[in-house]
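Chemist: I would like to see how this sequence folds:
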Amino acid sequence: MKLSHQDYDTVTVLTISGDYTNDDVETFRRNVGERTRNGAKHVLLDCESLEFIDSAGLESWLRLQEKLGEEGGQFRLVHPDETIRTILELTRLDLAFESHESVEAAVRSLR
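Modeler: Below is the predicted model of the structure:
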């Protein structure tokens with residue numbers, strides 16, 4: 001997994017690429033924790049280059065969404081490709097995560 005970020009006031013855009021598996025969950029959590037400690041309230045996860053996610057990765061997204069919600073923030077997926085959409089549908093998590101085709105659309109949904 002490769003992870004990068006861009007911060008915009010209370011919104012952070014994380015770009016994730018490669019495979020996101022159990023081995024990467026702690027790195028993801030640390031990165032998100034650093035972003036939220038630095039003032040990010042909302043997390044947009046750009047999945048355009050994400051190739052695969054396992055159950056541990058999905059669980060980490062659910063926990064992040066719950067934590068952000070408790071603090072008045074929101075979590076959005078951006079650019080999930082067909083493979084990621086299929087994984088979300090098979091696990092019925094397509095209903096749990098709001099997704100958007102662009103960062104701009106995801107930002108607009110936060111208002």
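
Chemist: remind me, longest strand of this structure?
Modeler: Identified as the longest strand of the chain according to DSSP state E is strand 42-53.

Chemist: hmm, who's touching that one?
Modeler: 2, 10-21, 32, 35-36, 61, 64, 68, 73-81, 83-84, 87, 103, 106-107, 110 (Cβ atoms under 8 Å, 6 or more residues apart in numbering). Just so you know, the C-beta spots here come from the backbone N, C-alpha and C atoms, and that holds for glycine as well.

Chemist: out of those residues, which are buried?
Modeler: 11-16, 20, 32, 35-36, 61, 64, 68, 73-80, 84, 87, 103, 106-107 (16 or more other Cβ atoms under 10 Å).

Chemist: let me see the confidence value for the spatially most central residue of the chain.
Modeler: Centroid-nearest residue in the chain, with Cα atoms, centre = their mean: residue 45, separated by 3.4 Å. The per-residue pLDDT reported for residue 45 equals 98.

Chemist: same question for the one 4 residues further on.
Modeler: Per-residue confidence (pLDDT) for residue 49: 95.

Chemist: buried set for the helix or strand hosting residue 99?
Modeler: In this assignment (DSSP states H and E), residue 99 forms part of strand 98-100. Using 16+ other Cβ under 10 Å as the test for burial, strand 98-100 gives 99, 100.

Chemist: tell me the first helix or strand C-terminal of that strand.
Modeler: Downstream of strand 98-100, the next assigned helix or strand under DSSP H and E is helix 103-109.

Chemist: gap between that next one and the chain center?
Modeler: The chain centroid and the centroid of helix 103-109 are separated by 13 Å under Cα atoms, centre = their mean, to the nearest Å.
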